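S.K.: Here's my sequence, what's the structure:
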Amino acid sequence: MEKMAEYFRPDTWSLLMVDEEKDELYFAIAVGAAAEVLSKERLKVGEGIAGWVARHGQLLIVPNVEGDARFFVALDEITQVKTRSVICVPLRSNIACSE
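M.R.: Okay, the predicted model is just below:
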């Protein structure tokens, strides 16, 4: 994630993880002006651009979120940060947890 941040130099970036029991995404890592607020937020799988990516498992690059119906404007309202563009990449792991 640090390499991605070095390359793209975003104002804000985050890593969302899936809470499979609740069918939600949560901000496991958030960096930037909205980090503290984002750490308390959750999205439903399918909600917003990240939720769409989580549901479909496909990379999504949105150069202008204002023209994309998937964009979840409520997060911008909560954080008071204006999102202009989004790159969202699904990451999958085959690591099994055992007790």
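S.K.: immediately after the longest helix seen in the chain, which helix or strand?
M.R.: Ranked by residue count, the top helix of the chain under DSSP state H comes out as helix 48-56. Going down the chain from helix 48-56, the next helix or strand is strand 60-62, by DSSP states H and E.
S.K.: And the next helix or strand past that following strand?
M.R.: Defined by DSSP H and E, the subsequent element after strand 60-62 is helix 73-79.
S.K.: low-confidence ranges in the protein?
M.R.: 1, 94-99 (pLDDT under 70).
S.K.: Next, count neighbours for Pro90.
M.R.: 14 (other Cβ atoms under 10 Å). For glycine as for every other residue, the C-beta is placed from the backbone atoms N, C-alpha and C.
S.K.: is it true that it touches Gly51?
M.R.: No. Applying Cβ atoms under 8 Å as the test, Pro90 and Gly51 come out as separate, 11.3 Å apart.
S.K.: Assumed Leu15 was part of a helix.
M.R.: No. Counting by DSSP: H, G, I helix; E, B strand; the rest coil, Leu15 is not part of a helix but strand.
S.K.: List of residues touching the longest helix of the chain?
M.R.: 16, 18, 25, 43-46, 59-60, 62, 65, 68, 70-72, 75, 86, 88-90 (Cβ atoms under 8 Å, 6 or more residues apart in numbering).
S.K.: Please identify the buried residues of it?
M.R.: Buried residues in helix 48-56, counted by 16 or more other Cβ atoms under 10 Å: 48-54.
S.K.: before we move on, what about stretch 23-40?
M.R.: Per 16+ other Cβ under 10 Å, stretch 23-40 contains these buried residues: 24-27, 30-31, 34, 38.
S.K.: can you check stretch 2-20 too?
M.R.: Here stretch 2-20 shows 13-14, 16, 18 as buried, counting by 16+ other Cβ under 10 Å.
S.K.: how close does Met4 get to Ser14?
M.R.: Distance of Met4 to Ser14, given as Cβ to Cβ, to the nearest Å: 11 Å.
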